[in-house]
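> model this:
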Amino acid sequence: MDVKRYKAGTLKGEITTAEIRKLIRAHNKASSIKIPPKSTREDIIGILKNAGYMVNHEKAELRPVSKGKVQKLKVISQKTIEKELPKPKTAEEKAEAKRKREEKKKQKESLNKKEFGTQTE
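So this is what the prediction gives:
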């Protein structure tokens, strides 16, 4: 899996904020780190530090930092992202899902017609 990194500036070589968010989402399958909406990169890294993790930009992973934690923290890497996060659906899978939705919609409409057709007022 390709990791997106900054190509220039002061953050050159570090993984992007979007990649950090992916690592956090993969982590959240086991435990919970909440990121408020519209958080800046510094805010996200600060939240991770408070949760006991640091971002390893060379290996593109979250590493546990604090040794005083009672529970053992797991390392979150790109392999974890591939396992934990859902895969994008193919065009074939999307078409199949759409066909199923249409069938359910038709069934629901036919049931509604039957119910209204049998009522007498």
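> separation between the residue nearest to the spatial centre of the chain and P36?
Taking CA atoms, centre = their mean as the criterion, R25 is the residue nearest the geometric centre of the chain, at 4.2 Å. To P36, R25 is 15 Å away according to CB to CB, to the nearest Å. Any C-beta I mention is one placed from the backbone N, CA and C, and that applies to glycine too.
> distance between the helix or strand of the chain with the lowest mean pLDDT and the chain's centre?
The least trusted helix or strand in the chain, going by mean pLDDT, DSSP states H and E, turns out to be helix 78-84, with a mean of 70. Mean C-alpha position of helix 78-84 versus that of the full chain (CA atoms, centre = their mean, to the nearest Å) differs by 11 Å.
> distance-wise, check the residue nearest to the centre of the chain relative to A8.
Distance from R25 to A8, by CB to CB: 27 Å.
> before I go, just wanted to say thanks for your time.
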